[in-house]
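1. pasted the sequence and its predicted model underneath.
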Amino acid sequence: MKPIYSIVIALFLAWIEPVQAFQQTNADTLTVEVLGTGADARFVPALIQVAPGDLVRFVVIEGMHTVTAYHPDNRRPVRIPESVSAFDSGMLKEGDIWFLQITKEGIYDYFCLPHERLGHVGRIVAGKEWKTAEYDNSLIPKAAAQTYNSLP
């Protein structure tokens, strides 16, 4: 009888381990609304915290916007983790949805290309610890820096 118990236990463990692994790596999807048509352009919320693997869903409620990483590939200073590729949604219009998967811990600063000079920026903090960004705000438009300075 002992060999049967061993087989049953082995089968149970083989079944439960993948289930636990799936539950531990199951990504969340968080939503950021993109609003405004001019000086009132904004990401809501402008600051979110995620875990690596999570998806951020950007939903354009009104206007035309982009979700663009601060990165030299986008002709801006780098304000995302160094080993992460630049991202840019391209122009999005009302009703469009764009997804960004966060792959690495760190701070991801992004902006809306048409409205950056008006302070239309956002920040994603990826990881368990809430960290303060150590980016040089003198390299971005003044209104964008003011928005980042107003974030907790």
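-> Yep, that arrived.

2. shouldn't Q146 be within a strand?
-> No: according to DSSP: H, G, I helix; E, B strand; the rest coil, Q146 belongs to no strand; its state is helix.

3. for the chain, where's the lowest mean pLDDT among helices and strands?
-> Taking mean pLDDT, DSSP states H and E as the measure, the chain has helix 2-25 as its least confident helix or strand, at a mean of 43.

4. what's the first helix or strand after that one?
-> Counting by DSSP states H and E, the next helix or strand C-terminal to helix 2-25 is strand 29-35.

5. what's the average pLDDT for that next one?
-> The pLDDT scores in strand 29-35 average 96.

6. quick one: buried residues of it?
-> By neighbour count with 16 or more other CB atoms under 10 Å, strand 29-35 contains the buried residues L30, V32, V34, L35. Where C-beta positions appear, they are placed from N, C-alpha and C, glycine not excepted.

7. surely the second one meets V44?
-> Yes: here V32 reaches V44: they are 6.8 Å apart, a contact under CB atoms under 8 Å.

8. before we move on, the earlier item: closest to L100 among the buried residues of strand 29-35?
-> Nearest to L100 among these, counting by CB to CB, is V32 at 9.2 Å.

9. and the nearest residue to G63 once chain neighbours are set aside, what element?
-> The shortest distance from G63 to any non-neighbouring residue, by CB to CB, 6 or more residues apart in numbering, is to T37 (4.1 Å). Under the criterion DSSP H and E, no helix or strand holds T37.

10. how many neighbouring residues does T37 have?
-> Neighbour count of T37, defined by other CB atoms under 10 Å: 13.

11. rewinding a little: would you turn the buried residues of strand 29-35 into TSV with distance to E134?
-> Formatted as TSV, those follow (distance: CB to CB, whole Å):
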residue	distance to E134
L30	24
V32	23
V34	27
L35	29
